Every structure is written in structure tokens, then in C-alpha cells.
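[1] all I have is the shape, not the residue letters:
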């Protein structure tokens, strides 16, 4: 099911159970607009890219959709798909599948693809770094068969149940889905998924592996132990109800349970990997091990004089982005520490201690390769950001340590791997487009870049390195052979020379100081290890043979060794100095076949490399028309006295979504509901048109009533969203949105519910207190909103964020000249900030609301005694405000009363202290607020103070505390309260 814009399960009526209403609303309010990472390419970032023009080509089995600039890629992809499908069908004992829609896009630089049970797959193309992971296959030949196998798998396992529901009820583990695609279409290699197995075995975390990793080895083990044919036998099994139940089918075919199989697999993996490790070189034996001054490291680079280190990683394990630090040696502190140590230890020699001071200069998502200017005053690096047309891409950035400022060196180039020349006058980098990479050079100050290679075919270039004399660049390249080898480029003659020629990956060249040899990382032994090639005779020696992995990273300043990074099995900050003249000391592996045979398992029908000479009939390109490619996603009907039905349709491109949902109550005509929605993510900004009948509920506690106010808004709604980012960092995001609604408002306040029928009984008029009786009526509402949030991702954000700020400005205009009975204008301004104070935080919020005209009284402006409803849910850029479903009640903690008017100021200040990580915090609080009527204050400003504990239960944070009015005497009673807590308003 695709969760986009729709609120199909908001079919909750004014005669349904309160519990059902609340649960449904909590679950689906975040899906009202668009979840942060919905399974569509445009929804990955929320950018629909209306600048793209889309086309379609067709083959016997596929409709291939692509945008301008990708026709060559699309035709290549169509050929790969047609070559792969017959084998994939044979593997699953199938003859055919319905026509499959394949969508190619390079709008964003994302190394991913995904498939759905409704015969569609979306793939980002134009990858460069994927050549390292794929080892011998280019991106399209890797990803297309993999995603098509998912579709064939879903087709093999579908039953008479509705699409999606059959798989959901099948009990199929995720490792079966991912592992089958890997087993049937790929080969075992370091990055799929040997390295992940080593890390998890050594950490004793086998139960925590991602299905993409343990799935491959489990399927290999399954095939080796029970035979390849048992895989399709299991997936073809149906029980007496003609349903597929994986646990039942697996035991029927193999004779053992899934849990027993997984335990046997765990023992095998541990035996194998510890057996390999016992026969390999330990890290401590290949060179001097040193640690770097950071908690968790992703990459590093020493300056040429070794006085500075650029470090990418984390100093906070709960951080969800990365930091770029500059660490500098504090020689004054080093001398002081050494002097103190020598005074205390006169009987033995004291070893000097290196002391570093660190400063964060940037944050976000970074590439692994950095480069210092020769004078150590600037650092160049690759950073992921929003570029032209809001595309998510990589570009090169330079930071100046003296000025403390950074700037972009490239602009929307999809650029990375910057390397600084020894004279500081030039930076070379790699940029790619649609699968073709080339080398460029540019002045460090910027300006026009010069392309220094002219590759036109499918080419990937990684890890360039400048020779000591500045005349040659070494780099790793995958071209026609589809495998990464080392090449040299003479910068003056532009001559190319191949340096290594091996089926395994060769990468990360590091020049010797004399230019006579190059040390590099190779997968020749099946594990990343360090090798050195002598350029005079092309002889290669293996410098390391560790069981985990090591990667050559940088020459050690002023030493004849290289820094090598290690596998993060123990920690990520270990690096080791390796001599390029070192030779390995190990013998060939000796492990019994019973522990290694799983590595040799292959499908009975092996997928062959694509024959591009094969005649594949591909139609001419046609301009894409979504009406020609509509397809059924799913239809679900849940029969009951209150029956629920849902159907969804989508186009082949995944940019037009039609949803209809209905609920019928056979006991009451009032119990029926209907929801219709159309969403367009192709033309202009993202927009949708929806119709609601008893399917758009709004809830708030009201006037102290037992069950509160529930209001149904029936009618039409048109919405448009436009998120944007200015490109400096991924955490600072803006959103413009607007909507037009023509609705009939039907509120109900209730003190009693018939729990047998779910009927709400309207409150008696005499029971109302300080709050007015809600009004029914029609309303034409025009709304516009601007929202800005600058908040870095962090695990503490749901309870105690120590950074982030935001601003919201909204206008609502209702007019009876178009429709309805209400005429008013409402402005809302809301802002918040979180300031770090060590491990604690200071939080502040101010909100103002003004109203002119006459609107429904339940949309009052004021302070009340009714508690608010808050949720700590990150809804994403395009999700509507939670307050649309739970309008905020403004209730200062420690105050009771009601003040209504047409101007409100309300705010809070909290000093937040962590108690238990991500679970419990303590706060000193103060709320303030007042209400004005026609510019006259109803009374003096309300200010309360108190102390509050907060307990996080995921999206719900509970608050319990005590507060009182500021200035109350010691005889005044504190108000004790228990309510939902507000962490940040948006």
C-alpha cells in the first residue's frame, strides 16, 4: 500500500467509539500528507521535479519510463530487463508475469532502487561509487535483475487475498525477500555481505543484522543444505485455505522449523568467521596501531605537517548526522603534561602525550575523501546537499580555517574526490552524469572548471591521487571491463595507462614519496587488504592478510608508511601504520568443506551477463501519458456491521495516485463515510484534491466535557506543497503550503457514549460552562502557511532536543462570498528555539494568534482550562500540522480559568535536564500568556512556574508535575497535573 496524502482510515464517525477514533487518528494523521520516506522516488526527498519531461519506451514485457537526458540509459536498461526476466521466471518456476513498469530517474543522487507487489520498480540511475560495491557489474546490471526478482518473488507468493495482505499474513521474514534476490542475481563479495558478517560476528550481534546482509548467507546456506529446488518448493506451497504461510511451508519442505534453521545458521557463521580469523594476521601484527581523537570515525586526513587532522564522524553516539571536525595539536598543553609527568616519575622515562583540541566546522552528510591544501589552511571535501532544481546531490566544498568560512567549489556537478596539487594552485575532482564520470580541475578560488578526461561510455572513477612530481594522477576506474582497476593519467599528454588488471577491485592508490611505487587496497584475497605495486616492473606484493579488513588511506606525514583504516568490529577510531615493504606471513586457509560449502552454493539456473547484441524489440519513445499506464495497487474490503472498503490506483510513473475509501454502517445512515482523493506529483508543486464525508475528524478536549469535542469536516479540499532547502545543509528546511476548502462543519461535544453501539450523545446545553456552544455551518476557507525548521537529526529530539529552532506563519481567510456563513481572518505566528547548555537545554516558545471577523466559536482564540493534546512525531516536510487534527488548547500549567478574545500571546520557557537517556527528563518550567479583546487585555499577564518530569513513550511524551502562578503566596496550593507534553511545536 502506498501511504500518500490519504486518510483512508479516518472513517471514524460521530457515532463510533472514542478509543477507535483516537487510535486511528494517531496512526494515520502522519500519513495525511506524505511520510518522510514513502516508496516513490519523488517522495524520497519530497521534491517532485516538475522541470522534468517524461517519456516511455516499451518491450514485450516492460514499459520503461524515463525523463529527458536518459533515453540511452533507458534503452540499455530495457535490454538488461528483457535478458534477465526469462531466467528469473525459470528460477521461480513461472512462465510469465504481467507487464512490469520500470522507472528510471537521475533527478537525485541516490544509490537505491525498490520494487512493489503491483509490478512496478523505481530505480535511480547515474551511480558512480556503486562500482565499488557491485564488483564486476555496472549499476544497471546489478540493480535491475535484483529489483525484478523481488517482483517475481511477490508474484510467486501471491494468493487469492488482496495485494499486500497476502504477503503481510504470510509470515515471511525480511531476510527471505532480500536474500532470495541476492542469491538468485548476485555473487558473494566484500560489500555484499562479507564485511557486515564479520562485524556482527565479532560484536556478537548476529540477531541485529539487516535483511540485506544476513539474507544472502541464509539463502546460500539453505541452498547448500537442502538444495536449490527446495527454495521454489517452499515459495509455491499453499495450505488447505490456499494461502502461503512461510513458517509452515519451510518446515514442510525442509523438515525443520525456521527458528532451528536460523540457530544452525548462526553457529555456522560463527564457526566459519572465527575459523578464518584464527588463520589470518591480527591488526596488531601488521603495524603500529594508533587511535584518533573522536568517538566514532568515518574518515580522517592529516595535514602535511601532521599538526592538524580533519575528522568526519561522531562525538555523540545519539547524533544522526555527521560532524566534520578539525583537530589541532595543543603543544602548550602537551609540554605542561609532560613536565608534570616527569616530575612525578623520576625513575623512568616518560613518553610524551599528544593532546588535540577539536572544533566542529561543518555537519551533515559527507563523502569519505578529504584533501588538505599544502599549507594546511584549507580543507576540501565532498558534501551532500540540495542543488539546482532542489536535486539531492554531492558537491565539493572548501573550508578556510583562517576565515572560519566555507564555500561551494562546485555547483550541482555531482562531484566528489577532491585532491589538492602540491603547489596549492589546482584541485582535481571527479564529477559524473548519467553513469559517465570524468576528471576535472579547477582553481581553489573557484571559477570555470576544465574537464581533463573525455570518457563518454559507461565509466566510473574513484579515489584519484596526485603523483609527487605533479605530472600524473592515479585513480581507480571501471569502464568496459566493469571492474575497478588502477590507471594513470599524464596531465600534460593526457595519455592513459592501465596499471593493474585483476578481476577483483583495486582502489585507493597512495604514491610513495619517490614516485617509484603505489600502495593500494585490493579485494584479491576476498577481503580488502593492502598491496603495493612497483612501477618499474609491475610486480605486486601483498602487504597485509588480515581476516577482518584494512584499507590504505593516506601516507603518514614524514614517514615511509601509510595509514590504514580498519573494520569497525571493536571501534572505528583504530588506524594502523603499514609499511609498503611488508610481506604477509600467513599460509593458505585450511577449513573443513562442511563449514565453507555454503560459499559455493549457486542457483540451478544462473543469471548470465547481459548480451547487448541480442535483438530486443524496443518501441520508439513516446511522451508519457499517465492515463495510459494506470494500474491497480490494491482493493481491501473488511466486512462487518460497519464495513470498510479501500481501493488504490496508481500510474506507472508513480506520480498520480487515486484513493477511494468507504465505510457503511448497516444500522444507521449517519454511520456511512466516503473518502476520495487524487494526488499529482508530476505537474507543478505537489498537489492533491480530496473529498470527505464523515472521514475528516478533528478532536480536542472542550469545556471540561468527559469525552471532548469531535468535529467532522465534510466537503472538498485542495492542497499544494512546496518544500525547499537553500543548499547549505540538509537540516534547514522551508515549506510553503496552501489550501482551499469548501466544507460543512459538524461538531459534537459529548459527556456520554453508548459503549454497545458507539453512539455519542450530544451534551445538554445546560451543561456548558465558560466555553460557547460549538457552531455548525458551511465554510469556505483559504489558507497559506510558511514553515522553517532548522534542527539536526538526533535521537534525543523526541524528548530533550539540545539544538534546533523554527518559525511558522499562517493565514486563514474564510469568506461567505464564495460559500458558507463565516467571515473571518486569522493570523498565527509561532516560533521556538532549543539552546544547548552542556548536556542540558534551554527551550523557549512564543505563539501569537489574532482573529478578525466572526468564525465558528469552537475555533476560539484564548486561554482555557482544557488540557492540550501533543505528540512528539517527526512528520516530515510535507506532512500537515498535527494541530489540524488536534487543535491546540492553550492552557498555562499551574493556572485554571478561561479567557477568550481576538488576540492571544502564549509561550513557555523550560530548562530541561536529562535523567535517563531518551526516556526521562526533568524540567524547570514557566508558562506565560494573555488574551486581548479589541486591543484591551482581559486581565494582567499570566505567568506560572513549576517543575515537571517527562517520560518518553515513543511518539507520546507524558508530563507530570506541579506548578503555580508566579507571585502566589506560600499558602497557595500548587496544581499537580498529568498531561501530554510538548517538546517542540513543529
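    Sure, I can see it. Here the structure is a predicted model, which means the values were calculated and not measured.

[2] and the spatially closest residue to residue 782 that is not a sequence neighbour, how far from residue 738?
    Excluding the flanking residues, the one nearest residue 782 by C-beta to C-beta, 6 or more residues apart in numbering is residue 813, at 4.6 Å. C-beta: built from backbone N, CA, C; applies to glycine. Computed as C-beta to C-beta, to the nearest Å, the residue 813 to residue 738 distance reads 11 Å.

[3] equivalent analysis for residue 676, please.
    Distance from residue 676 to residue 738, by C-beta to C-beta: 21 Å.

[4] identify the contacts common to residue 813 and residue 738.
    Shared contacts of residue 813 and residue 738, defined by C-beta atoms under 8 Å, 6 or more residues apart in numbering, comprise 782-783.

[5] so, low pLDDT: which residues of this structure?
    Counting by pLDDT under 70, the chain contains low-confidence ranges at 1-39, 345-348, 570-571, 667-670, 756-758, 874-881.

[6] longest strand anywhere in it?
    Longest strand in the chain by number of residues (criterion: DSSP state E): strand 732-754.

[7] who does the very next helix or strand once past that strand pair up with?
    Per DSSP states H and E, strand 732-754 leads on to strand 759-762 as the next helix or strand towards the C-terminus. Applying DSSP bridges, strand 759-762 is found paired with strand 732-754 (antiparallel).

[8] quick one on the thing from earlier: how about the residue nearest to residue 782, phi and psi?
    The phi and psi values for residue 813, taken as degrees, to the nearest 10, are phi -130, psi 120.

[9] these two touch, right, it and residue 825?
    Yes. Residue 813 is within contact range of residue 825, at 5.2 Å (criterion: C-beta atoms under 8 Å).

[10] quick one, domains of the protein?
    49-279+598-623, 283-578, 696-980 (automatic domain parsing).

[11] would TSV of those domains with distance to residue 632 be doable?
    Formatted as TSV, the domains of the chain follow (distance: least, C-beta to C-beta, whole Å):
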stretch	distance to residue 632
domain 49-279+598-623	7
domain 283-578	31
domain 696-980	25
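
[12] would you turn these into TSV with mean neighbour count and distance to residue 629?
    Shown next, in TSV, are those (neighbours: other C-beta atoms under 10 Å; distance: least, C-beta to C-beta, whole Å):
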stretch	mean neighbour count	distance to residue 629
domain 49-279+598-623	19	6
domain 283-578	18	23
domain 696-980	17	24
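
[13] among those, which is nearest residue 644?
    Residue 644 sits nearest to domain 49-279+598-623 of all the domains of the chain, at 12.5 Å, using C-beta to C-beta.

[14] and that closest one, how far out from the chain's middle?
    Here domain 49-279+598-623 is found 21 Å from its chain centre; the criterion is C-alpha atoms, centre = their mean, to the nearest Å.

[15] could you tell me the end-to-end distance of it?
    Domain 49-279+598-623 has an end-to-end distance of 17 Å (criterion: C-alpha to C-alpha, to the nearest Å).

[16] and if you look at stretch 961-973?
    13 Å.

[17] so who does the closest residue to residue 606 other than its chain neighbours touch?
    Excluding the flanking residues, the one nearest residue 606 by C-beta to C-beta, 6+ apart is residue 87, at 7.7 Å. Contact partners of residue 87, counting by C-beta under 8 Å, 6+ apart, are 605-608.

[18] let's have the residues you listed in CSV, adding distance to residue 778.
    As requested, those are exported to CSV (distance: C-beta to C-beta, whole Å):
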residue, distance to residue 778
605, 64
606, 66
607, 61
608, 66
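
[19] TSV for those residues, including secondary structure and distance to residue 370?
    Listed next are these as TSV, based on DSSP: H, G, I helix; E, B strand; the rest coil; distance: C-beta to C-beta, whole Å:
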residue	secondary structure	distance to residue 370
605	coil	45
606	coil	41
607	coil	38
608	coil	41
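
[20] got the contact list for residue 85?
    61, 97, 148, 152.

[21] residue 170: which of those residues is nearest?
    Once C-beta to C-beta is applied, the member of those that ends up nearest residue 170 is residue 152, at 15.8 Å.

[22] hmm, who's touching stretch 488-507?
    Contacts for stretch 488-507 (C-beta under 8 Å, 6+ apart): 132, 135-136, 190, 439, 452-453, 462-463, 470-476, 483-487, 518, 520-524, 531, 533, 535, 538, 540.

[23] so of these, which ones are in strands?
    Per DSSP E, the subset of the contacts of stretch 488-507 in strands is 439, 462-463, 472-476, 485-487, 518, 520-522, 531, 533, 540.

[24] excluding its backbone neighbours, what's nearest residue 352?
    In space, not counting the residues next to it along the chain, residue 352 is nearest to residue 338; the distance is 5.4 Å by C-beta to C-beta, 6+ apart.

[25] torsion angles phi and psi at that neighbour?
    Torsion angles, degrees, to the nearest 10, at residue 338: phi -60, psi -40.

[26] and if you look at residue 272?
    phi -60, psi -50.

[27] next one: the one 5 residues further on
    Reported as degrees, to the nearest 10, the phi and psi values for residue 277 are phi -60, psi -40.

[28] how far away from the center of its chain is stretch 373-390?
    The answer for stretch 373-390 is 22 Å, by C-alpha atoms, centre = their mean.

[29] and it, end to end?
    By C-alpha to C-alpha, one end of stretch 373-390 lies 30 Å from the other end.

[30] and what of stretch 464-474?
    Start-to-end, stretch 464-474 (C-alpha to C-alpha) is 5 Å.

[31] contacting residues around that stretch?
    Outside stretch 464-474, the residues touching it (C-beta under 8 Å, 6+ apart) are 417, 419-423, 428-430, 439, 475, 486-492, 499, 509-515, 518.

[32] can you check stretch 550-565 too?
    In contact with stretch 550-565 (C-beta under 8 Å, 6+ apart) are residues 283, 286-287, 299-306, 508, 510-513, 519-521, 528-530, 544, 566-567, 575-580.

[33] what sits against residue 131?
    138-139, 460, 462, 478, 482, 484 are the contacts of residue 131 under C-beta under 8 Å, 6+ apart.

[34] could you do residue 854 as well?
    Counting by C-beta under 8 Å, 6+ apart, residue 854 has contacts 822-824.

[35] for residue 86, same thing?
    Counted by C-beta under 8 Å, 6+ apart, residue 86 has zero contacts.

[36] now it: how far from residue 231?
    18 Å.

[37] what do you get for residue 857?
    65 Å.

[38] and for residue 331?
    Taking C-beta to C-beta, one finds residue 331 at 63 Å from residue 231.

[39] kindly report the same for residue 916.
    46 Å.

[40] just the terminal-to-terminal distance for stretch 282-300.
    End to end - C-alpha to C-alpha - stretch 282-300 spans 22 Å.

[41] cool, and stretch 419-428?
    Stretch 419-428 end-to-end distance (C-alpha to C-alpha) = 5 Å.

[42] what's the answer for stretch 430-446, then?
    15 Å.
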